[in-house]
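Novice: Using only what follows, build the 3D model:
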Amino acid sequence: MPVYIYRGRNIKTNESVAGERFSSSTQALAAVLRREQIAPINIREKKESKFSFSFQKKVKQSEIAIFTRQFSVMLNAGMPLVQGLDAIAQQHPNEAFKAVLTQVRADVESGSTLSAAMAKHPKVFDTLFTNMVAAGESGGILDTILQRLSTFIEKIVKLKSALRSAMIYPSVILTVAIGVVIIILWKVVPVFRTLFEGFNVQLPLLTRVVIAFSSIVERFALFFIVFIVIGAIGFMKYYKTEKGRHVVDRFLLKCPVLGDILRKIGVARFTRTLATLLTSGVPILEGLDITAKTAGNAILEDTIHNLRQRIEEGGTMADPMRQSGFFPPMVTQMVSVGESTGEMDSMLVKVADFYEEEVDTVVANLLTILEPILMVFLGVVVGGIVIAMYLPLFKLIRVLSGG
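Specialist: As a prediction, this is how the structure comes out:
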């Protein structure tokens with residue numbers, strides 16, 4: 001949607017007003033300005049330069065969760081829809097989100113439904129969000145739906161944070177360890193090697209091994225750096241392909257510790273998303289479609305599509321879940337009970353709560369175990385290199401002292 005630069009005058013205060021807004025046309029923007037008691041003087045479309053670069057902040061999920069909760073409270077208190085959007089937009093510190101909310105408010109003022117207005121901004125309000133808002137609008141329970149949505153987004157943010165904690169800490173420690181070792185081998189060991197060449201003595205085996213690695217690093221360091229950069233870019237491009245996502249996600253799920261965490265996060269996210277949709281009145285087939293799009297794992301996405309197909313054919317949900325091998329037995333049993341009792345949404349919520357707690361426990365235990373292991377690893381590697389460099393000096397001291 002184009003951006004328009006406008007200039008006008010406030011009808012009540014006679015003050016000059018100027019700014020930028022999204023709008024479908026100059027006529028639509030002029031109509032919105034008049035409703036705000038602003039007499040438009042000049043409206044023109046903002047032309048984007050071909051070579052301009054945007055450093056605009058992205059909208060975080062935590063910001064969407066806060067907005068959703070604030071908006072639900074406002075609607076529950078009886079505040080009109082447009083006024084609530086305007087109040088949040090005016091005080092929001094993120095200019096990108098502020099612009100989106102301003103445009104949503106303008107579209108709603110022009111007669112659009114809230115869900116349709118939000119659907120124009122898929123990078124901020126995804127399919128799940130807009131579908132739930134649409135269900136809330138049709139059922140007259142928009143404030144309740146928004147409360148559920150805010151709770152759902154907060155829990156998803158917590159799950160992502162848990163996954164990030166599980167992966168970032170060991171990755172940072174290993175990266176620092178590798179970096180320190182490379183710098184020592186590249187810049188420090190060659191100094192000792194030059195010194196040892198004048199000793200004319202047989203060097204210990206450990207020292208010879210370290211010097212050999214140092215020679216390799218010194219000779220091929222730039223090649224290794226280029227190879228790592230090209231490999232990282234190639235991996236990212238490969239992962240963006242359909243085959244790449246399936247191969248990488250399947251490999252990650254088979255990893256000993258990380259795979260278990262990813263599986264539990266996938267189960268928690270699937271059950272939480274589907275439960276939220278079903279509780280909000282979204283049909284199960286449509287809910288599974290939306291859940292598949294937000295699964296975050298290609299293998300789980302395929303499994304959900306298979307579930308949908310089996311249900312569409314008249315089957316149950318528990319049987320294909322059991323056959324997929326992705327879901328633990330407890331989950332399939334809970335789903336089976338939910339289907340037989342007609343309380344699928346409440347059973348899914350219980351499963352989601354259980355696995356979210358499981359993820360928190362596993363990540364906490366993993367970080368507790370990894371911290372000393374990685375510290376010992378770093379100490380052994382760096383300490384081994386230091387000892388290897390000082391062994392010839394000890395040997396030389398013994399020779400000079402006649403020992």
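Novice: Tell me where the stretch 251-400 of the chain is predicted with low confidence.
Specialist: Flagging of the stretch 251-400 of the chain using pLDDT under 70 yields the residue ranges 399-400.
Novice: rerun that using 80 as the cut-off
Specialist: Along the stretch 251-400 of the chain, segments meeting pLDDT under 80 span 367, 371, 393-400.
Novice: now the stretch 1-150 of the chain
Specialist: Short version for the stretch 1-150 of the chain, where the test is pLDDT under 80: 1-4, 6, 15, 17-33, 35-36, 45-58, 138-139.
Novice: Is residue 14 in a helix, a strand, or coil?
Specialist: coil (DSSP: H, G, I helix; E, B strand; the rest coil).
Novice: count of neighbours near it?
Specialist: 8 (other CB atoms under 10 Å). Where C-beta positions appear, they are placed from N, C-alpha and C, glycine not excepted.
Novice: Show me the helices in the stretch 251-400 of the chain, by range?
Specialist: 258-279, 284-293, 298-312, 318-324, 329-341, 344-400 (DSSP state H, counting those that start in this stretch).
Novice: can you list these in TSV and add distance to residue 108 and mean neighbour count?
Specialist: Converted to TSV, the helices of the stretch 251-400 of the chain look like this (distance: least, CB to CB, whole Å; neighbours: other CB atoms under 10 Å):
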stretch	distance to residue 108	mean neighbour count
helix 258-279	23	23
helix 284-293	23	19
helix 298-312	32	19
helix 318-324	40	18
helix 329-341	37	16
helix 344-400	29	16
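Novice: For residue 233, find the nearest of these.
Specialist: helix 298-312 (20.7 Å; CB to CB).
Novice: can you give me the helices for the stretch 1-150 of the chain?
Specialist: 26-35, 61-76, 81-91, 95-109, 114-119, 127-139, 142-183.
Novice: These into CSV, with extra columns for distance to residue 235 and mean neighbour count?
Specialist: CSV is the format used below for those (distance: least, CB to CB, whole Å; neighbours: other CB under 10 Å):
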stretch, distance to residue 235, mean neighbour count
helix 26-35, 45, 16
helix 61-76, 25, 18
helix 81-91, 39, 16
helix 95-109, 29, 20
helix 114-119, 33, 21
helix 127-139, 28, 20
helix 142-183, 14, 17
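Novice: quick one, what contacts residue 388?
Specialist: 204, 206-207, 209-210 (CB atoms under 8 Å, 6 or more residues apart in numbering).
Novice: Just send these back as JSON lines, with neighbour count and pLDDT too.
Specialist: Output for the contacts of residue 388, formatted as JSON lines (neighbours: other CB atoms under 10 Å; pLDDT from 0 to 100):
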{"residue": "204", "neighbour count": "15", "pLDDT": "83"}
{"residue": "206", "neighbour count": "15", "pLDDT": "86"}
{"residue": "207", "neighbour count": "23", "pLDDT": "86"}
{"residue": "209", "neighbour count": "13", "pLDDT": "89"}
{"residue": "210", "neighbour count": "24", "pLDDT": "88"}
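Novice: Can you tell me which of the helices of the stretch 1-150 of the chain is nearest to residue 43?
Specialist: helix 26-35 (4.7 Å).
Novice: Could you name the helices and strands sitting against that closest one?
Specialist: strand 3-10, strand 38-45, helix 95-109 (3 or more CB pairs under 8 Å, 6 or more residues apart in numbering; DSSP states H and E).
Novice: Tell me who's in contact with residue 210.
Specialist: Counted by CB under 8 Å, 6+ apart, residue 210 has contacts 185, 189, 384-385, 388-389.
Novice: One more pass at 6 Å, please.
Specialist: Contacts for residue 210 (CB atoms under 6 Å, 6 or more residues apart in numbering) come out as 385, 388.
Novice: Residue 347 too?
Specialist: Per CB under 6 Å, 6+ apart, neighbours of residue 347: 334, 338.
Novice: how about a cut-off of 10 Å?
Specialist: Residue 347 is in contact with 271, 275, 331, 333-339, 341, counting by CB atoms under 10 Å, 6 or more residues apart in numbering.
Novice: before we move on, what about residue 89?
Specialist: Contacts of residue 89 (CB under 10 Å, 6+ apart): 67, 97-105.
Novice: Just give the closest residue to the spatially most central residue of the chain, not the sequence neighbours.
Specialist: By CA atoms, centre = their mean, the chain has its centre lying nearest to residue 160, at 6.1 Å. Closest residue in space to residue 160, ignoring its immediate chain neighbours: residue 61 at 7.6 Å, by CB to CB, 6 or more residues apart in numbering.
Novice: now residue 151: how far from residue 398?
Specialist: 71 Å (CB to CB, to the nearest Å).
Novice: got it, and residue 320?
Specialist: From residue 320 over to residue 398 the distance is 73 Å, taken as CB to CB.
Novice: With residue 227 instead?
Specialist: 43 Å.
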